[in-house]
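A.B. asks: Pasting the sequence and the predicted model now:
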Amino acid sequence: MKYSNFMEVTFKALSVNEGFARVCVASFCVQLNPSVDEITDIKTAVSEAVTNCVVHAYPTSVKGDVTLRCELEGDLITITISDKGVGIKDIEKAREPFFSTKPSAERSGMGFTVMESFMDDVQVVSNSFGTSVKMTKKINAEQSSVAGF
Amino acid sequence: MQIKSRIHNKVLYVLLCGELDEHSASYTRITLDDIFDKPDFEKIVVDLSELSFMDSTGIGVLIGRYKRMKEKDIPIFIANPSSHAEKIFLMTGLYELMPKIV
């Protein structure tokens, strides 16, 4: 039977919580013995997803919740970051490199591109009740393939 | 985020220490603009050797500073990026605007 574990935390959509989310996921994933590069990939992807919630999900001054769920199944990490905000109007457009709805605010528009580059798979579901970004990454994938397993 | 700067031989060296994300972006923008407003240099080197984390928000901050200094014809160079920052720079083509120096 495969090893499995999960954790879930909910926090307010404030930028100060981005570092917390990164450290939280990194600490939880350590039990799979990832490489430093893998942990940095995961932290960066989480940071991008949480930043999207902080910047875009709640446009008024009243900030809602962000829920971060991390599931481990064997050597597979699944991270889901969800909010109850206004949603993304055009997901395909939002996933295009350099696309930003706020270019005047010096946004690079590379958030989803970074998530896609650093994780194995990224799925986005969004409607007017909120957005959920589900990302997966297999840990030690490179070492396993080198060893022939 | 802590930002240190010094000018040597008409080169402004800026050292970014800490994490560059959405939370620190505003402070980083304001502080860099303040430092870049000094008149006594001809080029800028942004040293990332003490930057422990950066996501794509950092790219937005750097490109914003590049646009500002381009108006003054002052080039910006990147020094000592981590391998991870380098991945993001290569992905976004940042080095075409701010070349890496060794």
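C.D. replies: Right, received. Where do you want to start? Residues are numbered from 1 along each chain as shown, chains lettered A, B, ... in the order given.

A.B. asks: Every contact and neighbour count from this point should use C-alpha atoms.
C.D. replies: Noted.

A.B. asks: Which positions in chain A make contact with chain B?
C.D. replies: The interface of chain A toward chain B, taken as CA under 8 Å from any CA of the partner chain, is made up of A:15-16, A:18, A:37, A:40-41, A:44, A:47-48, A:51, A:106-111, A:114.

A.B. asks: ok, now with 7 Å
C.D. replies: Proximity of chain A to chain B is confined to A:15-16, A:44, A:47-48, A:51, A:106-108, A:110-111 under the rule CA under 7 Å from any CA of the partner chain.

A.B. asks: Any regions of chain B where pLDDT drops low?
C.D. replies: Of all residues in chain B, none has pLDDT under 70.

A.B. asks: returning to that earlier point: which PyMOL command selects the buried ones in the residues of chain A next to chain B?
C.D. replies: Applying 16 or more other CA atoms under 10 Å in any protein chain shown to the residues of chain A next to chain B leaves a buried subset, and the PyMOL line that selects it is:
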select buried, chain A and resi 15+44+47+48+51+106+107+108+110+111
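
A.B. asks: Just the ones of the residues of chain A next to chain B in helices?
C.D. replies: A:16, A:44, A:47-48, A:51, A:111 (DSSP state H).

A.B. asks: Pull the number of nearby residues for residue 31.
C.D. replies: Just going to use chain A. Using other CA atoms under 10 Å in any protein chain shown, A:Q31 has 10 neighbouring residues.

A.B. asks: you looked at the wrong chain, it should be chain B
C.D. replies: By the other CA under 10 Å criterion, the neighbourhood of B:T31 contains 14 residues.

A.B. asks: same check, this time on A:I79
C.D. replies: 24.

A.B. asks: ok but it is inside a strand, no?
C.D. replies: Yes: the assignment for A:I79, made by DSSP: H, G, I helix; E, B strand; the rest coil, places it in a strand.

A.B. asks: Just list whatever residues bridge to it.
C.D. replies: Partner residues in beta bridges with A:I79, using DSSP bridges, are A:C70, A:M135.

A.B. asks: Check the contact between it and A:R69; I expect there is one.
C.D. replies: Yes: if you go by CA atoms under 7 Å, A:I79 and A:R69 touch, sitting 5.7 Å apart.

A.B. asks: Go ahead and flag the most central residue of chain A.
C.D. replies: A:V46 (3.4 Å; CA atoms, centre = their mean).

A.B. asks: how far away is that one from A:R95?
C.D. replies: According to CA to CA, to the nearest Å, A:V46 and A:R95 sit 16 Å apart.

A.B. asks: sorry, back to before: and which of the residues of chain A next to chain B is nearest to A:G87?
C.D. replies: Sorting the residues of chain A next to chain B by distance to A:G87 puts A:T51 at the head of the list, at 14.0 Å, by CA to CA.

A.B. asks: show me the contacts for that closest one.
C.D. replies: If you count contacts by CA atoms under 7 Å, 6 or more residues apart in numbering or on different chains, A:T51 has them with A:18, B:22.

A.B. asks: what's the distance between it and A:V23?
C.D. replies: Taking CA to CA, one finds A:T51 at 15 Å from A:V23.

A.B. asks: returning to what we had before: in CSV: the ones in helices among the residues of chain A next to chain B, plus pLDDT.
C.D. replies: Shown next, in CSV, are these (pLDDT from 0 to 100):
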residue, pLDDT
A:V16, 97
A:T44, 97
A:S47, 98
A:E48, 97
A:T51, 97
A:G111, 94
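
A.B. asks: the strands in chain B, which residues?
C.D. replies: Listed in chain order, the strands found in chain B under DSSP state E are B:2-8, B:11-20, B:43-47, B:51-54, B:76-79, B:100-101.

A.B. asks: Sheet partners, orientation included, of the second one?
C.D. replies: Using DSSP bridges, the strands paired with strand B:11-20 in its sheet are strand B:2-8 (antiparallel), strand B:43-47 (parallel), strand B:51-54 (parallel).

A.B. asks: burial count for A:M1?
C.D. replies: Residue crowding around A:M1 was assessed by other CA under 10 Å; the count is 5.
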